[in-house]
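Visitor: For reference, the sequence and a predicted model appear below.
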Amino acid sequence: MRADAVTVNVTAQPARAAVPLRFEGVSVKYRGRTTRALDGVTVQAAPGHVTAVVGPNGSGKSTLVRALLRRVPLETGRILLGDIDLLTVAPRDFAAQIAVVSQREEPSLPLSVAEFVALGRFPHRGAFGAMSQADTAAVQRAMERTGAIETDGRRTDELSGGEWQRVRIARALAQETRVMVLDEPTTFLDIAHEMAVFELLDSLAREGCTVLLVSHQLNLVARFASHIVLLHRGQVAAAGTPSDVMRGEILERVYDWPLVVTRDPAVGAPALLPLRGGGRGRHRG
Amino acid sequence: MIRPGASTLLPLVLGAAALVLVALVAVAVGAVPISLSDVVQGVLGQGDVAIVSIVRDLRAPRVALAALVGAALGMSGGALQGTLRNQLAEPYLLGVSGGAAVGAVLLMSLRVTDPFLVTVGAFVGAATAAALVTALARVVGGSGDTRLLLMAGVVVGAFANAAILVALADAPPDRLRGALWWMMGSAAGASWQAVGRIAVATLVLGGALVWRARELDVLVLGDEPAAALGVDVERASRRMFLVASLLAAATVASAGLIGFIGLVVPNLARALGAQRHRGMLILSAVYGALLLVAADLVARTVRAPADLPLGAVTALIGVPFFLTRLRKVVL
């Protein structure tokens, strides 16, 4: 009886061993620039939690994702999955363990939504052969969880901005990885769809996934993330729980705008309220 | 087992049937008209000896050469369009074919006439041109500006034509193929040996592109999404570009410079419903073969007994197509 129960458990939920993603003293300098885009940044994303990276435009948030994808070389530091340096991992193995939703992507081929989501199975498939049952099941699950299933049967060049974004998240989910990294995943989404994405990330974390979220949405992040890293000019300005980071004096300095931090009435999470009549430069004193 | 997918099966079957039909007609039509049933008999080696000789020694190799060159150009263009994320890319307009011609002609001007070595020369020339264009693409930025790439390709092509004219200026016309053959392409005078060489190149290099086609599906998403899905973007792009260039080089060594097939055919394949690259490359091979066999038929019949350069016929089809696409892609 006991053995049966264990078997059922294993097949019902894909095994996702806990593994942290860690940026360790990462520095990046773009060619032709004098200042570093990232300067000794350390971010630890723990399994079972949503970790958020926030900061103003140009603070280095997206560079962090680009460094993870090896689109920019590291000047110093390393990026670790568990205790493995990701530079030593082959690209395909990387994609079998970490799913990344990058910030921008133009629709390219007019594929059907299911075909597009199935591209998420690329790291798991060989050069030839049809989709395995596991592949098809993963695509189906991903489309259901993201709501992309509503667009099933349509082509990717016919989707609205919000639908396109959900289909992209579905593709990352179809990779069935232990780690998810998302760069501004809710940019084009309305409130309901934005909340749905945050709820989805929360449930992934509860299942043991490591979720790293790059976002502008400070207030939402404060409600969903258990750990926040605030970047400012390529450096970590603050890191810790939402209450540690969402403090008026820190945020005013980093965003260069007067604001107050209140409490979200429903869950008690800190909430930021930018004030009117600020004006760049005026606040610097 | 290669499965192009249900949506591309019908155009694939129709294209293959049309290819067989047009190939038979192409063998039948000529100075000595032959009936279709005699063509089939001649291919099988039966019937009148003179007919068998015309079919087997003169016309069939020419049709086979045109078909293989067309298939190779279609696949090369399809792979280049995917790699560069640019539906106007093709080996001729990118100057890769021109580079191949210069490589081959340089060897011939040094009195090397062995067809295998000439093909190697074409490979080296094409790889050099491909390296130049990819370096440019990298400088311009990951996406590769359409206009700049094509401008560079056209300039390299013009340089190639000049180099061919200079190198072959004092070539003995009885021993070497003329400058016009290289610059405008032709399937005339095809031999079964030449057919064998391009067949091997098309199978090996075209097969490699079809094998790696799933990588192209991911590459066209863009650098960051492709990297996120586990493709080594730089290495995969370089490899695809090189193989597609070598395939184009093999066609240049067999039939000279033939433009625009590599441009028109992949766009046709996509219009017929082949979006993913494996199906698109296979359809491009079939329709490339069909289009070039038909073009060669036009080339040798429309002003018979004169044999028009094959590249002139494909340019007459391809340039209007290019101009209509240019509006969509660049503007």
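Guide: Here it is on my side, so go on. Numbers count the residues shown, from 1 in each chain, chains lettered A, B, ... in the order given.
Visitor: contacting residues around the residue most central in space within chain B?
Guide: Central residue of chain B (Cα atoms, centre = their mean): B:Leu73, 2.0 Å from the mean position. With contact taken as Cβ atoms under 8 Å, 6 or more residues apart in numbering or on different chains, B:Leu73 is in contact with B:Glu90, B:Pro91, B:Ala248, B:Thr251, B:Ile258, B:Ile261, B:Gly262, B:Val265, B:Gly288, B:Leu292. All C-beta atoms are positioned from the backbone trio N, CA, C, and that covers glycine.
Visitor: what's the closest of the residues you listed to chain A?
Guide: Ranked by distance to chain A (Cβ to the nearest Cβ), those are led by B:Val265 at 17.0 Å.
Visitor: so what secondary structure elements neighbour the host helix or strand of that closest one?
Guide: Element membership for B:Val265 (DSSP states H and E) is helix B:261-271. If you count contacts as 3 or more Cβ pairs under 8 Å, 6 or more residues apart in numbering or on different chains; DSSP states H and E, helix B:261-271 packs onto helix B:60-84, helix B:277-301, helix B:310-330.
Visitor: and these as JSON lines, adding mean pLDDT?
Guide: Formatted as JSON lines, the helices and strands packed on helix B:261-271 follow (pLDDT from 0 to 100):
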{"stretch": "helix B:60-84", "mean pLDDT": "95"}
{"stretch": "helix B:277-301", "mean pLDDT": "95"}
{"stretch": "helix B:310-330", "mean pLDDT": "84"}
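Visitor: among those helices, which is the most enclosed?
Guide: Neighbour counts (mean count of other Cβ atoms under 10 Å in any protein chain shown) averaged over each of the helices and strands packed on helix B:261-271 peak at helix B:60-84, with a mean of 30.
Visitor: any idea which helix or strand comes after that helix?
Guide: The helix or strand immediately downstream of helix B:60-84 is helix B:96-109, counting by DSSP H and E.
Visitor: got the angle between that next one and helix B:310-330?
Guide: Counting by axes from the mean of the first three to the mean of the last three Cα atoms, to 10 degrees, helix B:96-109 points 150 degrees away from the direction of helix B:310-330.
Visitor: hang on, the earlier thing: quick one: buried ones out of the contacts of B:Leu73?
Guide: Buried subset of those (neighbour count, 16 or more other Cβ atoms under 10 Å in any protein chain shown): B:Glu90, B:Pro91, B:Ala248, B:Thr251, B:Ile258, B:Ile261, B:Gly262, B:Val265, B:Gly288, B:Leu292.
Visitor: which residues does the second one contact?
Guide: Contacts for B:Pro91 were tallied using Cβ under 8 Å, 6+ apart; they are B:Leu73, B:Ser76, B:Gly77, B:Leu80, B:Ser97, B:Ala126, B:Ala244, B:Ser245, B:Leu247, B:Ala248, B:Gly262.
Visitor: again, 10 Å this time
Guide: B:Pro91 sits next to B:72-73, B:76-77, B:79-80, B:97-100, B:126, B:129-130, B:153, B:244-245, B:247-249, B:251-252, B:257-259, B:261-263 when contact means Cβ atoms under 10 Å, 6 or more residues apart in numbering or on different chains.
Visitor: what about A:Gln97, distance to chain B?
Guide: Taking Cβ to the nearest Cβ, to the nearest Å as the measure, A:Gln97 falls 10 Å from chain B.
Visitor: From A:Phe23, how far out is the nearest residue to that residue once chain neighbours are set aside?
Guide: Spatial nearest neighbour of A:Gln97, excluding adjacent residues (Cβ to Cβ, 6 or more residues apart in numbering or on different chains): A:Thr177 at 5.3 Å. For A:Thr177, the distance to A:Phe23 (Cβ to Cβ, to the nearest Å) stands at 17 Å.
Visitor: next one: A:Asp83
Guide: A:Asp83 sits 14 Å away from A:Phe23 when distances are taken as Cβ to Cβ.
Visitor: quick one: which of these two has more around it?
Guide: Higher neighbour count among A:Asp83 and A:Phe23: A:Phe23, with 23 against 8, using other Cβ atoms under 10 Å in any protein chain shown.
Visitor: low-confidence ranges in the stretch 1-150 of chain A?
Guide: A:1-17 (pLDDT under 70).
Visitor: from it, which residue is nearest to chain B?
Guide: The nearest approach of the stretch 1-150 of chain A to chain B comes at A:Ala95, 2.9 Å away (Cβ to the nearest Cβ).
Visitor: how many neighbours does that residue have?
Guide: If you count neighbours by other Cβ under 10 Å, A:Ala95 ends up with 26.
Visitor: that's a helix at it, yeah?
Guide: Yes: judged by DSSP: H, G, I helix; E, B strand; the rest coil, A:Ala95 forms part of a helix.
Visitor: Just list the residues touching it, thanks.
Guide: By Cβ under 10 Å, 6+ apart, the contact set of A:Ala95 is A:69, A:89, A:120, A:122-124, A:172, A:175, A:177, B:218, B:226-231.
Visitor: Indicate the residue of the stretch 201-331 of chain B located nearest to chain A.
Guide: B:Gly230 (2.9 Å).
Visitor: returning to that earlier point: and the gap between the residue of the stretch 1-150 of chain A closest to chain B and A:Arg125?
Guide: As judged by Cβ to Cβ, A:Ala95 and A:Arg125 stand 11 Å apart.
Visitor: Just send the helices and strands packed on helix B:261-271 back as TSV, with distance to B:Ala188 too.
Guide: Formatted as TSV, the helices and strands packed on helix B:261-271 follow (distance: least, Cβ to Cβ, whole Å):
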stretch	distance to B:Ala188
helix B:60-84	7
helix B:277-301	7
helix B:310-330	8
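Visitor: Looking at those, which is nearest to A:Leu38?
Guide: For A:Leu38, the closest of those is helix B:60-84, at 30.4 Å, according to Cβ to Cβ.
Visitor: No further queries at this time; thank you.
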